[in-house]
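Colleague: this one's structure only:
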């Protein structure tokens with residue numbers, strides 16, 4: 001029996017819309033951005049002992065019930081192509097596949113979870129907390145509104161709502177992923193006890209580095225990946241990370257591996273599985289470490305404390 005969520009994301013209307021929306025992304029993003037990434041590696045600010053692979057995943061909605069709860073009024077804050085309900089129902093089906101895969105290959109990731117999801121469902125958090133792999137549960141805004149469009153008061157309200165929702169699960173998030181990577185109000189994050197965030201990336205801004213701004217670490221994005229990513233190029237970039245003892249931080253949305261469950265699994269096997277298998281070989285040889293955004297920031301913070309004690 002097919003659920004409502006499965007019917008929605010398998011339907012031709014969703015798939016045709018997906019193809020139209022992601023047509024531009026089908027161009028090889030990495031081939032266009034690689035030169036910029038390669039020359040920006042020299043600017044990394046915090047030194048590491050070896051190459052480091054970091055994966056972060058943005059869960060913009062998490063459940064179709066949010067779209068119904070918000071009655072379409074929040075759609076524009078989530079996607080220009082799909083309703084909030086459609087994104088939520090797709091993620092409701094796809095995110096467990098990603099979590100199962102990461103548990104299978106024993107790779108930790110930062111899952112950026114939107115706060116309002118916890119008004120309607122806590123399955124995602126329960127699964128992450130029960131995982132045999134220690135994932136990082138990050139905050140991803142409350143309504144998925146761009147922070148540089150919020151007033152200071154509204155930003156403080158969002159951060160308080162996130163804190164209160166997460167507290168019910170004994171979670172105090174230390175990582176923040178800004179909706180649409182629009183960085184703003186870092187001082188408020190620091191006041192709330194956050195330790196790190198993902199900076200603004202893009203063609204001219206990607207890089208392999210971690211920089212500290214005040215008390216916060218910018219665990220900078222290296223590259224955005226999707227179903228069309230060239231695995232061999234990813235491997236070359238990882239080799240560069242290893243040779244320079246630099247962080248390689250890749251990120252994506254579950255929707256980037258769509259447009260349905262069958263395609264998510266197919267694209268995981270075509271892209272993430274071979275790349276992470278290659279990465280595991282490098283880890284076995286003692287050349288690479290796997291980290292979440294939080295764990296690498298905590299490691300750097302401990303190193304800084306040790307240096308101050310000397």
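Modeller: Cool, got the structure. Quick caveat, the model's predicted, so the values are computed rather than measured.
Colleague: quick one: residue 177 and residue 140 touch, right?
Modeller: Yes: counting by C-beta atoms under 8 Å, residue 177 touches residue 140, with 5.0 Å between them. All C-beta atoms are positioned from the backbone trio N, CA, C, and that covers glycine.
Colleague: Give the intersection of the neighbour lists for those two.
Modeller: Listed as contacting both residue 177 and residue 140 by C-beta atoms under 8 Å, 6 or more residues apart in numbering are 58, 112.
Colleague: could you pull out the helices for the stretch 101-250 of the chain?
Modeller: Ranges of helices in the stretch 101-250 of the chain, per DSSP state H, counting those that start in this stretch, are 123-130, 152-167, 186-191, 231-244.
Colleague: relative to helix 123-130, how tilted is the longest one?
Modeller: Looking back up the chat, that one is helix 152-167. 60 degrees (axes from the mean of the first three to the mean of the last three C-alpha atoms, to 10 degrees).
Colleague: swap in the last one?
Modeller: Calculated by the same axes, to 10 degrees, helix 231-244 forms an angle of 50 degrees with helix 123-130.
Colleague: packing partners for helix 231-244?
Modeller: helix 29-40, strand 51-59, strand 247-252, helix 273-284, strand 288-291 (3 or more C-beta pairs under 8 Å, 6 or more residues apart in numbering; DSSP states H and E).
Colleague: And those: which comes nearest residue 191?
Modeller: Closest of these to residue 191 is strand 51-59, at 22.9 Å (criterion: C-beta to C-beta).
Colleague: Check what contacts the next helix-or-strand element following that closest one and list those residues.
Modeller: Per DSSP states H and E, strand 51-59 leads on to helix 64-70 as the next helix or strand towards the C-terminus. Helix 64-70 has contacts (C-beta under 8 Å, 6+ apart) with 4-5, 8, 61, 74-75, 83-89, 92, 116-117, 119-121.
Colleague: Report the buried members of these.
Modeller: 5, 8, 61, 74-75, 83-89, 92, 116-117, 120-121 (16 or more other C-beta atoms under 10 Å).
Colleague: and residue 304, how many residues sit next to it?
Modeller: 11 (other C-beta atoms under 10 Å).
Colleague: Look up how far residue 208 lies from it.
Modeller: 20 Å (C-beta to C-beta, to the nearest Å).
Colleague: Check residue 59 too.
Modeller: From residue 59 to residue 208 the distance is 25 Å (C-beta to C-beta).
Colleague: re the thing from before, least reliable of the helices and strands packed on helix 231-244 going by mean pLDDT?
Modeller: The minimum mean pLDDT among those belongs to helix 29-40 (a mean of 51).
Colleague: sorry, back to before: and the helices and strands packed on helix 231-244 as TSV, adding distance to residue 298?
Modeller: Shown next, in TSV, are those (distance: least, C-beta to C-beta, whole Å):
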stretch	distance to residue 298
helix 29-40	25
strand 51-59	13
strand 247-252	14
helix 273-284	19
strand 288-291	9
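Colleague: and the nearest residue to residue 282 once chain neighbours are set aside, bridged to which residues?
Modeller: In space, and not counting its chain neighbours, residue 282 is closest to residue 288: 4.0 Å by C-beta to C-beta, 6 or more residues apart in numbering. The bridge-partner assignment for residue 288, based on DSSP bridges, gives residue 51.
Colleague: OK, contacts around residue 144?
Modeller: 60, 61, 74, 77, 78, 114, 116, 179.
Colleague: switch to 6 Å and redo it
Modeller: 60, 77, 78, 114, 179 (C-beta atoms under 6 Å, 6 or more residues apart in numbering).
Colleague: ranking these by neighbours, who comes first?
Modeller: Most surrounded of those: other C-beta under 10 Å gives residue 114, at 27 neighbours.
Colleague: how many neighbours does the closest residue to that one other than its chain neighbours have?
Modeller: Once flanking residues are discounted, residue 114 sits nearest to residue 140: 4.7 Å by C-beta to C-beta, 6+ apart. Neighbours of residue 140 under the rule other C-beta under 10 Å: 27.
Colleague: got it, and residue 128?
Modeller: The burial count for residue 128: 20, using other C-beta under 10 Å.
Colleague: per-residue pLDDT, residue 238?
Modeller: 95.
Colleague: The residue nearest to it when sequence neighbours are not counted pairs with what?
Modeller: Nearest residue to residue 238, sequence neighbours excluded (C-beta to C-beta, 6+ apart): residue 248, at 5.6 Å. Note on residue 248: beta-bridge partners by DSSP bridges are residue 53.
Colleague: The closest residue to residue 185 other than its chain neighbours and residue 148: what is the separation?
Modeller: The shortest distance from residue 185 to any non-neighbouring residue, by C-beta to C-beta, 6+ apart, is to residue 155 (4.9 Å). Distance, residue 155 to residue 148, using C-beta to C-beta: 10 Å.
Colleague: higher neighbour count, the two?
Modeller: Higher neighbour count among residue 155 and residue 148: residue 155, with 19 against 14, using other C-beta under 10 Å.
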